[in-house]
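Asks: Next come a sequence and a model predicted from it.
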Amino acid sequence: TDETSVTTALRSTLGRSNNQFNILLGKSNMSDAKGHSALDAVDYTISFPNDPVDYDDGMCWLECRLRDAQDDELLVVMGWTLQKREEDGAWLIHN
């Protein structure tokens with residue numbers, strides 16, 4: 001994959017209205033009647049709908065959901081693989 005293809009894909013994706021990146025930053029792409037865009041805050045709630053899935057190998061999976069605070073619309077479902085640190089048992093984001 002060349003750099004131009006990656007840049008074009010990212011520009012297209014991040015330019016979409018209400019994409020995951022802007023929601024996490026508390027912003028939303030909105031346009032006025034003249035087509036001028038502005039970034040406005042998105043009010044959302046965070047939930048962890050399930051217990052972490054422990055793989056019993058020092059790794060687990062944790063799911064997180066972001067919902068619109070006004071109408072409870074599901075905006076984002078994301079998750080992380082966590083790895084347990086041996087020294088103190090703390091769970092750290094693996095990827």
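Replies: Good, I have the coordinates. Quantities reported herein were computed from a predicted structural model and do not represent experimental measurements.
Asks: now Asp54, nearest residue through space, not along the chain?
Replies: With sequence-adjacent residues excluded and distances taken as CB to CB, 6 or more residues apart in numbering, Asp54 is closest to Cys60, at 4.6 Å. Glycine gets a C-beta too; all of them are placed from N, C-alpha and C.
Asks: Looks to me like that neighbour is in a helix.
Replies: No. Assignment of Cys60 by DSSP: H, G, I helix; E, B strand; the rest coil gives strand, placing it outside any helix.
Asks: Spit out the contact partners of it.
Replies: Counting by CB atoms under 8 Å, 6 or more residues apart in numbering, Cys60 touches 52-54, 81-82, 84, 91.
Asks: By neighbour count, which of these wins?
Replies: Leu82 (21 neighbours; other CB atoms under 10 Å).
Asks: that older thread, the contacts of Cys60: which two are farthest apart?
Replies: Greatest spatial distance among the contacts of Cys60 (CB to CB): Val53 and Lys84, at 13.4 Å.
Asks: So Thr4: helix, strand or coil?
Replies: Classification of Thr4 by three-state DSSP places it in helix.
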